[in-house]
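In: A structural model of the following input is requested.
(4 chains)
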Amino acid sequence: MSSENLGLALRMVGVGKRYPATIAVDNVDFEVYAGEVHALVGENGAGKSTLMKMLAGSFNDYTGTIYVNDKEVRLSSPSIAKSYGIGMIYQELSLAQPISIAENLLAGRLPRKGLFIDRDKMVAQAKRLLKTVGLELDPLLPVEDISQHEAQLVEIAKVVGTHPCILVMDEPTSALSKEEVERLFDIIHKLRNTGMAIIYISHHLPEIFRIADRVTVMRDAKRVATKNIEEITREEIVQMMVGKSIKEFYKKESHPIGKALLEVKDLSRYGFFHGIDMQVHAGEIVGICGLSGAGRSELAQVICGIEKADEGTIVLDGKPIDRLTMAQRVMLGLGYLTEDRKLEGLALRIEMDENILSAVIPRMKRGIVYNKRYGRKMAKELVEELTIYPTDLNRTAGNLSGGNQQKLLLAKWMAINPKVLILDEPSRGVDVGAKMTIHETIERLAREGSAVIVISSDLPELVRLSDRVIIMRKGHFTKIMDQHECSEESLLLAANTEVEV
Amino acid sequence: MHNKPMDKSKLLAIGDRFRIYILFLVIFIFMSLFAPRFFNSYNLTTILRTVSMNATLALGFSVVMICGHLDLSIGRTATFAAVIALLLQKSVGYGLSVPIAIAAGVLVGLVNGLLVVKVKINSFIVTIGTMTILQGATYTMTGGNSVSLSGSNVFAISDFLSRPLLPMLPPRVILTILFVLLFHFFVTHTQWGRNFYLLGGNKMTAWLAGIHTDAVTVSAFILSSTMAAVGGILFAMESSAATLNMGENSLMYVVSATIIGGTAMSGGKGGVLKSVIAILSLEMLYTGTILFGLGNEVKIFISGLILAFVVLYEAYASYKHERTLGQRSELLKEVAMLKARVPK
Amino acid sequence: MNRTIDTDTRALRTNRFSAIMNSVGVYAIALLFLLLGMLLQGVGVINNFMTTQNLMNIVDAVALLGIVAAGMAFITYSGHYADMSVPTTIALTGIVSVELLRFGFFFAMAGAILCGILIGLINGIVVGKFKANPIIWTLAMNYVSLGIIRFVWVNKQIYPDVITDNVRAVMLFDNIYRFRLFNVLSLPLILMLILVAAGQFILKRTPYGAQLKLTGSARRTARFTGINVEMIVASAYVISAFTTTVAGLAITSLSRVGAWYNGAGYDFRAVTAIVIGGMTLAGGRGSIVGVLGGTLVIGLMNNIMTLLGIGTFSQDIIRGAIFILVVGINAKTLRSQGRDDA
Amino acid sequence: MKRQVRMLFLVMVLLVSTAVLFAQGGKATGPSAADAAANLEASLKVDTSVLKAADGQPLLKLSADVPKIPTRPANPEALPDTNPLRWFDMEYAGWDAQKTNIPASPKSGAIGKRITFIVHGDHPWTTACSLGAQKVADAYGIQLKVLSPNWDLAVQNQMIDQAINERPDMLLLIPLDATTAVQQARRVNQAGIPLILFNTLPTAEAMNYAITWTGPDDFGQMRKLARVFADELRARNPGAKELGIAYVQHAPGGSPYFARSYGPVSELAGYAPEVVTLDMQAPGFEADRTMQLVSDWLTRFGPRLKGIFAADDSAQALGIAEALKKAGRADVVVVAAGNSKIGMDMVTDGSLFAITYQTAEGDGALAVQTAADWFNGKELPNRRNLPQHIITKKDVADFYPPQW
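Out: Below you'll find the predicted structure:
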């Protein structure tokens, strides 16, 4: 569809933003037309999030000029940005947990009758907003009582409800199931047709090709190019993002598969997953595919000992480990890389080396003395191996970009020298370069004789890495597919098929 | 997902939400039935008068707590303002001394709030600091003595405040009730009031919603200190004197009552009315212990137990909540089947 | 790319500076006060400031506070703010020790320490396992144990020499505070130095300390790393309760009486020392040596003010103002280094 | 939220209906004794002078010295701190009370009367005081109800209100604060309940509404202690032109804070002008803080510091002793107000030179005895003081075992 005739909704001319240590956005021009979906892609740290935050009014010290509907504006606070019709859906959920859905939806613009809030109107409005995203919840329920993907939809409804003329979506699908993604795309289409300008940020390139009209690629704080989606291929986008050819990755090596390192028999945690049987062998990469809420992460948490199993046995390298604590399992070489690196994976406020060594503290002691210097050599090697940047181990983890944080998290689990490593969404929200490093590391790990389980919603990732893929649905394993059966389409189909247990 | 029938957990949740009202009624009925001379107008008036100061303090304090902060300086602020009001009364009269004293309260809140939002010091720390400063200031102003009202008709104001105007309700109590209602409607029915909840629930949400979070936080601290000042001044007017440690006991009392009332330290939850009802409940309990002729040790023991129980219960509830978050109900139905299948 | 590397080295340098500042920060303030004292002495406003006797007095005076703070710092470090049950833990362990003195000195000590550890354990389990709000829970605990003391001993204060005829036990008890090594080093001072050294060692040089740091700065991450956070947090509370008990014994020995009001005010005073000492309430930052520095700063400040002849009331104002100032500066420096966790 | 409003409404309705139903609540129950005369006769026969306190001293002993009351200066507060008359309003409060609306004695005898006894807070001293009161009450068969507000003014006010509600035959009260006592006394007075204040001196105005006041003459005691102190200072430093002393003060906010520092200050200004006040500080009742304070004084004043006057003979005195011992200053004379076990032990071992005799049991006993006297129709003075005595090493043994 041609959107030029609707006019420019947003024009950013020569904008820049500098943090104390880095330049995040460097003299970028960016235009979005009304009535288009404009994808913004780039590696982590390329500056797209900063650019969007600038648009949302998070900074009052950016340079350059911004025009909204051909009017020069100064977006120095969220409320000013909002007043110009800019709405933003954040990657991290930004809902107030203890507060009701209605008040979250209508935050800052509750309907009033005179001085007071009009409660009936508030509920009615909230219901209407929830309907736009296909939710039928009691608007007076606190957000903490609803599930995470419902909350993600509420977040979308909240922003859409402000009727913005420019809508920014930062990875809106990361927590959604396939059905919900479809619903979201419907919503996006509808909004676009009303003349809204939509900026869509995603690492998930197929999505972009499905819904975007144009795409802008950023790299190293600069804009690389803006293209109509018809004029560009996936490979070209990737090349622009990383500056090298896509052919270098997506190749699967085969290697011999050894003895069973992890055996799970009839494992259940009531209400989360039931009757799980699984064997993972040395040198094997097993993918677990399923929609969010299928119980994948919960399964991993029970295997590694964070939560207790209600039933079943787990055997690690011939040794039952049901009664061991997580610390003991880690000592035996069982690691679990979580999907939430900020909350569960890394201690963002402490140094990189301490993060890398955090899982091996008990191994590093001499007598009763522990000193992080004992492990510094190993930490340095891991940083080099995983090309984590910056390389200075004294930096706090929070100062790293998303991709480097993820690599740091992987380094932490590599440090335990894992026999079995479970990776939960190992490359969620990271750039292509980091993703490549992570995949190579996983493959090397398998090559060197470890058993690896990869839990992922990223189907190409599963197809590429896995020797076998197990489909998990609603707490049960429903299907196991060998490498030759696996394709994105077959996995998708399997994950969404109802199977009798 | 929708229109679920009222199950047991939902009933429990409602019970949880209204627990303080239930507690209030239970204590009220128990004391009325068993405590000698509890259920008569004089005693009930006494209780209402006694809670007036702490209830006033609890209003602002609860707002700060809903915002996710703490204000430990309320007790000292109450004393500080009362002392100012009475000291200046000698030279400038009530007409000026009371507004000045209230302004002093506002100033304390402003300083607290600015230190929290601008210098970004934890409110717990800031208010420990202001607490110390206010104590020194109060003592310095008075030279270590308590301050009494002076003038030709010293008792006029205190008599007016403490004699019932309506049945059982002296003006001081009426004022307190007015404050309570005002605050209640303020936090539940106005945009600004709801902002406290939003801010306490998630600062980011509030900020992104275009709410001036710093202004909201500072206003919460100002409300807290101002209400502390008002409470202190009224108490001093009623006693026609301000003592140097009159607010000292209030802090822990108000903190425990607010927690028992269901306002969470994490912010975003609770309400001013609940805090006041909690104070009233505790006060009835204390009155009961006095009427039964029991000593302070019983009172301290009981209030400690109630507080400990409430904190423990809340912690346990959220612990449970966290453990079962994301459980699938249809899978739970399978459990019985599973158990039958696997012999143990 | 070049630019980023450039700015990186600069960040590195500030980082090294901050690392130095982190460890000596509070001692810089202490030095400042020392210089102030010397200056005032030089001008002749005060005298005898830089004498061994005076400096010994300062450390002697804060020994008890230092003991409490050295333990409570573990709680702050673990991200749980402060232990508000300190006052009654002091009182209760004091009373228990006096009460048990009838069975002999060592029995009394053991009983008191056991009692203190029990309180710490309860705190630790409730806060560690059930994640109760640490301030509110310990406040409740303070109330409950105060209730127990008042319930069991009503209003009595109990005297060691009335409880038992065992003269030796009473004398030993009396000497917990009064014993002096080589007639110079008082026992509380020695205990403080031992506890600070032990605390510093535990915090910085043991696996436990490293795990505590991780737990303090990111509790959920620690749990997902296989660290038994419940145990770690509970032990922080036990450590705090232990040093509080030691202080409780010394205070009871000093005042020769076990009473419910012993120890009042030590909660806030210890928090003050810890925070001045550079620990942040967010957890995982600071050191026990820093806390010792904070304690010394408080001692120096009190000493100089008394030597200047500033009245009690004005001292409070100055103390509060300096406290907020120091914490504010600390918060600002951390933030300017991109560590927004004051 | 609507439910909450409804709930509030419900509570209000409940309370208001209660008020209407029980509006008769706090009215008088009226005297019941028909055989008042016989009761009076029996009461007069009770002999309480044989009662002993725990320390072996007589429980009830009235002060022998009737103070000579000077004329009140026009504006005492304008005088310097060192002028005894500066403290006139505190020291001589109540001697010239203009009694208002004081109920007349029923002359029905003390036996079987109900007395509510409200103290200031929980403390071993209070326990001893209540014990003494109970001894006298038992002798008369008086029902004594002891209440303690735990140092909380609001709670004390509430207890007074509850006492008004209960209508005892007499209320005995230790006011928590001198100035707020006025309103408290006035309230009781207006309710028509006989009131005797004791132990802590309230402001003069409060005395107008009470039958009388009983208790220790804090100022008088401190003046006496100051003289003993000065004598010892002179004896230890013969011919010294300047005798520097410092005061460890009571917690601010009450009459002891003034009596125990400005009492001696104003007394010594006349009695021993060579005694110079070097500093005054209020470190609270904590041994370690007092110790730091005194250590700092020793640094600051060195040998100039010859004596210390402390407001408390337990924690404060212990702190002082520790500091002096550490500095090796056995020459410093220390006196303290109070009569605790620790204080007496310290007098015995010489680390304190003198303390005041303050009978806790006697304090409570005198209050109840005075109440009994009123029921028995005796004429009462405006104030009844406890005996004054300074305990030194010479006679400290007479006061063992300690009352608390």
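
In: Near the residue nearest to D:H123 when sequence neighbours are not counted, how many other residues are there?
Out: Taking Cβ to Cβ, 6 or more residues apart in numbering or on different chains, and ignoring the residues beside it in sequence, D:H123 has C:N155 as its nearest neighbour in space, at 6.4 Å. (C-beta placed from N, C-alpha, C; glycine too.) Around C:N155 there are 21 other residues, counting by other Cβ atoms under 10 Å in any protein chain shown.

In: Look up how far C:D174 lies from C:V167.
Out: Using Cβ to Cβ, to the nearest Å, one gets 10 Å for the distance from C:V167 to C:D174.

In: between these two, which one's more packed in?
Out: Comparing C:V167 with C:D174 by neighbour count (other Cβ under 10 Å), the higher total belongs to C:D174, at 15 against 9.

In: Without its sequence neighbours, what residue ends up closest to that one?
Out: C:S253 (6.1 Å).

In: these two touch, right, D:F285 and D:A310?
Out: No - under the criterion of Cβ atoms under 8 Å, D:F285 makes no contact with D:A310, lying 10.3 Å away.

In: Have a look at these two and say which one is more surrounded.
Out: Set side by side, D:F285 and D:A310 show more neighbours around D:A310, with 30 against 19, by other Cβ under 10 Å.

In: so what's that one bridging to?
Out: Applying DSSP bridges to D:A310 gives these bridge partners: D:V248, D:A336.

In: and it, what is it in contact with?
Out: Residues touching D:A310, when contacts are defined by Cβ atoms under 8 Å, 6 or more residues apart in numbering or on different chains, comprise D:247-248, D:290, D:316-317, D:320, D:334-337.

In: gap between stretch B:210-221 and the chain center?
Out: Averaging C-alpha positions (Cα atoms, centre = their mean, to the nearest Å) puts stretch B:210-221 20 Å from its chain's average.

In: ok so, going back, pull up the overlap in contacts between D:F285 and D:A310.
Out: Counting by Cβ under 8 Å, 6+ apart, the contacts common to D:F285 and D:A310 are D:Q316.

In: thinking again about what came up before, average pLDDT for the helix or strand hosting the residue nearest to C:D174?
Out: Per DSSP states H and E: C:S253 is located in helix C:229-255. When the per-residue pLDDT values of helix C:229-255 are averaged, the result is 94.

In: Tell me the helix or strand right after it.
Out: The element immediately downstream of helix C:229-255 (helix or strand, assigned by DSSP H and E) is helix C:266-276.

In: Which helix or which strand is home to B:V111?
Out: Using DSSP H and E, the secondary-structure element containing B:V111 is helix B:94-117.

In: List the buried residues of that helix.
Out: Of the residues in helix B:94-117, those with enough neighbours to count as buried (16 or more other Cβ atoms under 10 Å in any protein chain shown) are B:94, B:97-98, B:100-102, B:104-113, B:115-117.

In: Am I right that B:I306 is in contact with B:I259?
Out: No - with contacts counted by Cβ under 8 Å, B:I306 stays clear of B:I259, the gap being 9.8 Å.

In: okay, the two: which has more neighbours?
Out: Legend: neighbour count by other Cβ under 10 Å for B:I306 and B:I259, higher for B:I259 (26 against 21).

In: What helix or strand is that one located in?
Out: B:I259 is part of helix B:250-260 when elements are defined by DSSP H and E.

In: Could you confirm whether that helix reaches chain C?
Out: Yes - residues of helix B:250-260 are located near chain C by Cβ under 8 Å from any Cβ of the partner chain, namely B:252, B:255-256, B:259.

In: Quick one: list the elements packing against that helix.
Out: Contact analysis of helix B:250-260 by 3 or more Cβ pairs under 8 Å, 6 or more residues apart in numbering or on different chains; DSSP states H and E lists helix B:41-66, helix B:74-92, helix B:272-291, helix B:296-324, helix C:134-153 as its packing neighbours.

In: Report the distance from that helix to the chain centre.
Out: Going by Cα atoms, centre = their mean, the spacing between the C-alpha centre of helix B:250-260 and its chain's C-alpha centre is 6 Å.

In: do stretch A:350-364 as well
Out: Distance, stretch centre to chain centre, for stretch A:350-364: 24 Å (Cα atoms, centre = their mean).
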